[in-house]
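In: turn this into a structure:
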Amino acid sequence: MRGRAHQRRVEPVLDRPAQTRQAGRTTTREYRDTTALNQVKRVYLHPTRLATGETTRYILKDNEKTLVLTEVEAQLCFELAERYEMVGDPAQSDAEVHSAVIWFEPTGTAGSGAAAVANFFIPGPLGVRLPGTLGGLGAEAEMKVKERQVAAIVWARQAQALGTDSPSLSRLGDALQFAEPFGDDAARVMSPEPLPAQRKYTTATDPCAAYGGRINETGFIIDRVTGLYVPATRPQKPSEKAPGDTPEAQQD
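Out: Okay, here's the model as predicted:
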């Protein structure tokens, strides 16, 4: 990863007429140019930043910033790599993807433990979250081709008192588990039509290997047993390492 500057001032990511979507607990505003997206084959992913400005809201310690930004960036890489070839040099790309965290709400950890206990004794697919424990995440991403925006999304999700979001003993719990659905939605907006065959990788060729595993196996097991979400532990990437920087991934 290139040297990470945690904050950057950004203009509103959507510079074109956008569609507003409400899907369950998630609200998005999005734009896509399908014709332009169909010409994209290679993508360069910039580091995720913290947006600054009047519409931003977050109180994060330095180590927490790194955890949230890395998780958002990792999920974007995982999803985009299924659709495009990820490259480590913007000069080799057809398009560049920028992303930023706009706002963050911490998870109330004490009440989350009690909620997990309650859910253990209340069978059913929907969990119960106590007031004051509900966190959230707001993020944005855009894909540009030669400085022209071809896809963009502004995304927000807040945990609900009754739902399928797992409580967590980490105050970052909700934001970190929401990074995956954000990555899903961002990649959906940035996908060509029709969708290409999903790209497959080995451990040696995975362009997102620097972020660690795609599945948090330890957290999955603990979640199933205790009802608590456990954040994945992502390795710190080398300072100039970019998605697609494995020798195998750069081969044509």
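
In: where do the helices sit along this structure?
Out: 34-37, 62-81, 109-121, 173-189, 217-226 (DSSP state H).

In: in this structure, where is pLDDT below threshold?
Out: Along the chain, segments meeting pLDDT under 70 span 1-13, 15-17, 55, 57-58, 107-134, 159-171, 216-233, 236-252.

In: what are the ranges of the strands in it?
Out: Counting by DSSP state E, the chain has strands at residues 7-9, 19-23, 26-32, 42-45, 49-52, 85-86, 95-105, 127-128, 136-145, 148-158, 162-163.

In: do you know which of those lies nearest residue 209?
Out: Minimum separation from residue 209 across the strands of the chain (CB to CB) falls at strand 85-86, 10.8 Å. The C-beta positions use only the backbone N, C-alpha and C, and glycine is treated the same way.

In: helices or strands next to the closest one in the packing?
Out: Contacting strand 85-86 under the criterion 3 or more CB pairs under 8 Å, 6 or more residues apart in numbering; DSSP states H and E are the following elements: strand 42-45.

In: which strands and helices lie in contact with the strand it packs on?
Out: Contacts defined by 3+ CB pairs under 8 Å, 6+ apart place strand 42-45 against helix 62-81, strand 85-86, strand 95-105.

In: export the first one to PDB, keeping only CA atoms.
Out: Output for helix 62-81, consisting of C-alpha atoms alone and laid out as PDB, is shown next (Å, rounded to 0.1, in the frame of the first residue of the first chain):
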ATOM      1  CA  ASP A  62      -5.300   6.500  15.000                       C
ATOM      2  CA  ASN A  63      -5.300   2.700  15.300                       C
ATOM      3  CA  GLU A  64      -9.100   2.600  14.800                       C
ATOM      4  CA  LYS A  65      -8.800   4.700  11.600                       C
ATOM      5  CA  THR A  66      -6.300   2.100  10.300                       C
ATOM      6  CA  LEU A  67      -8.600  -0.800  11.100                       C
ATOM      7  CA  VAL A  68     -11.700   0.800   9.500                       C
ATOM      8  CA  LEU A  69     -10.000   2.100   6.400                       C
ATOM      9  CA  THR A  70      -8.100  -1.200   5.800                       C
ATOM     10  CA  GLU A  71     -11.300  -3.200   6.100                       C
ATOM     11  CA  VAL A  72     -13.200  -1.000   3.700                       C
ATOM     12  CA  GLU A  73     -10.300  -1.100   1.200                       C
ATOM     13  CA  ALA A  74      -9.900  -4.900   1.600                       C
ATOM     14  CA  GLN A  75     -13.600  -5.500   0.900                       C
ATOM     15  CA  LEU A  76     -13.500  -3.300  -2.200                       C
ATOM     16  CA  CYS A  77     -10.400  -5.200  -3.500                       C
ATOM     17  CA  PHE A  78     -12.100  -8.600  -2.900                       C
ATOM     18  CA  GLU A  79     -15.200  -7.700  -4.800                       C
ATOM     19  CA  LEU A  80     -13.600  -5.800  -7.700                       C
ATOM     20  CA  ALA A  81     -11.000  -8.500  -8.200                       C
END
